[in-house]
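Student: this one's structure only:
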């Protein structure tokens, strides 16, 4: 199984890219993870629906066929790290690749949200896009460390 983070947005500052790279390289060989940047649609005079539709097309092109689709959404499941580890374990048992979708400034197309296999919420706070990417990378690594009984995660 592979984890693919598909993030709509512009190139991030070096600290975001370097932080994501650090956590992704720590992932075990049997669970490789990557971040793919999806170009946002230029705003201009387009409606929100037009922007999201164009970005949906770009995301679809980047999706591996048959992937479990997990959208990051403010109305998604609010998981603890231990619950995320259990969810990751279930995904691993399912065997499909997992695509975690982070929308752009206007979010994600409603169709993605409706058809998603899972919806996750990273925080009740509004996070800058780069921070959301980095936090997701770190939490995926932390969830793996929980599953492997690695001392990175300390509970209590």
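Tutor: Nice, I can see it. What you see is a predicted model, and the numbers here were worked out from it, not measured in a lab. Residues are numbered from 1 along each chain as shown.
Student: Just give me the longest helix of the chain.
Tutor: helix 129-147 (DSSP state H).
Student: Grab the longest strand from this protein for me.
Tutor: If you go by DSSP state E, the chain has its longest strand at strand 68-78.
Student: Neighbouring strands - and their directions - for that strand?
Tutor: Note on strand 68-78: by DSSP bridges, its sheet partners are strand 98-102 (parallel), strand 118-121 (parallel).
Student: So which of those strands is nearest residue 77?
Tutor: strand 118-121 (5.7 Å; Cβ to Cβ). Backbone N, C-alpha and C define where each C-beta goes, glycine included.
Student: Report the buried residues of that closest one.
Tutor: Residues of strand 118-121 classed as buried by neighbour count (16 or more other Cβ atoms under 10 Å): 118-120.
Student: which residues in the protein form helices?
Tutor: 14-26, 48-62, 81-94, 110-115, 129-147.
Student: name the helices or strands packed onto the longest one?
Tutor: Think helix 129-147. For helix 129-147, the contact count by 3 or more Cβ pairs under 8 Å, 6 or more residues apart in numbering; DSSP states H and E identifies strand 3-8, helix 14-26, strand 33-38, helix 81-94, strand 98-102 as packing neighbours.
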